[in-house]
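Sharing a model that was predicted from the sequence below.
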Amino acid sequence: MSADPKTVARRGLMFVLSSPSGAGKSTLARELLAADPNLEISVSVTTRARRQSEIHGRHYHFIDGADFARMRDHGELLEWAEVHGNSYGTPRAPVEKALVEGRDILFDIDWQGTEQLSAIESLRGDLVRVFVLPPSFEELRSRLERRAEDDAATISRRLENARLEITKWDRYDYVIVNRDLDLSLTAVRGILAAERHRRERVTGLADFVDGLMRQADAAQKREA
């Protein structure tokens, strides 16, 4: 094998962003995807109604309850959860295929889904978990109101759920307080870059080092 770094094989990773609704994980996810061609989003299935700003197949696969139950019961979901009265889940097949091919998958999911991913022993080494906190509870409320996509009752329910979600921060590998989007984005990019270079994740390193040693031996012979 050549010692060209571009040929070093690497297993993909599962990069999880979680936060209470309104804390900024979806914005961070969108910015990461826009700037990083080596990162792709895991498109969840959901029984939630599509918002006007959402595109089927891009933001979510919008399905009915019967189809969701079938996927869940046949083991076709890596994780699933009930959130705000709706079901969400991650299709298994495309994620497992991407990991084998060395492609990184971004997950914009809640703490329940993250715990289910963490429980899959065969994928535990592929998981990188980042939790995003709001700078204050009042700012969280303000962001939800400025978003103008939910009615007052839904915002109230999201804030109540946030009280529970915030307590799950210590189950993640990294925690970011999202006071400033640019600073938070820099931090998230740094985490992703470091995790891509984790030794056990770069499966082709042994072959790469063997190539380096062969080059060193050849150079030594030429100089002799």
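Now that the structure is in, tell me what you want to look at.

Go ahead and list the helix or strand containing Phe68.
helix 65-73 (DSSP states H and E).

which secondary element of this protein has the worst mean pLDDT?
helix 137-147 (a mean of 81; mean pLDDT, DSSP states H and E).

C-terminal to that one, what's the next element?
That would be, after helix 137-147 and using DSSP H and E, helix 152-166.

before we move on, back to that, can you show me the CA trace of the least confident helix or strand of the chain as CSV?
The C-alpha trace of helix 137-147 is given here as CSV (Å, rounded to 0.1, in the frame of the first residue of the first chain):
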residue,chain,number,x,y,z
PHE,A,137,-33.7,29.4,30.0
GLU,A,138,-35.1,32.8,29.0
GLU,A,139,-33.0,32.9,25.9
LEU,A,140,-34.3,29.4,25.0
ARG,A,141,-37.9,30.7,25.3
SER,A,142,-37.0,33.7,23.2
ARG,A,143,-35.5,31.6,20.4
LEU,A,144,-38.6,29.4,20.3
GLU,A,145,-40.9,32.4,20.0
ARG,A,146,-38.7,34.1,17.3
ARG,A,147,-38.8,30.9,15.3
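
one step back: contacting residues around the helix holding Phe68?
Helix 65-73 is contacted from outside by Val45, Thr46, Thr47, Glu76, Leu77, Trp80, Ser87, Gly89, Pro91, using Cβ atoms under 8 Å, 6 or more residues apart in numbering. To be clear about C-beta, it is placed using only N, CA and C from the backbone, and glycine gets the same treatment.

Sheet partners, orientation included, of whichever helix or strand comes after that helix?
Counting by DSSP H and E, the next helix or strand C-terminal to helix 65-73 is strand 77-83. Within its sheet, and counting by DSSP bridges, strand 77-83 is paired with strand 86-91 (antiparallel).

Many thanks, have a good one.
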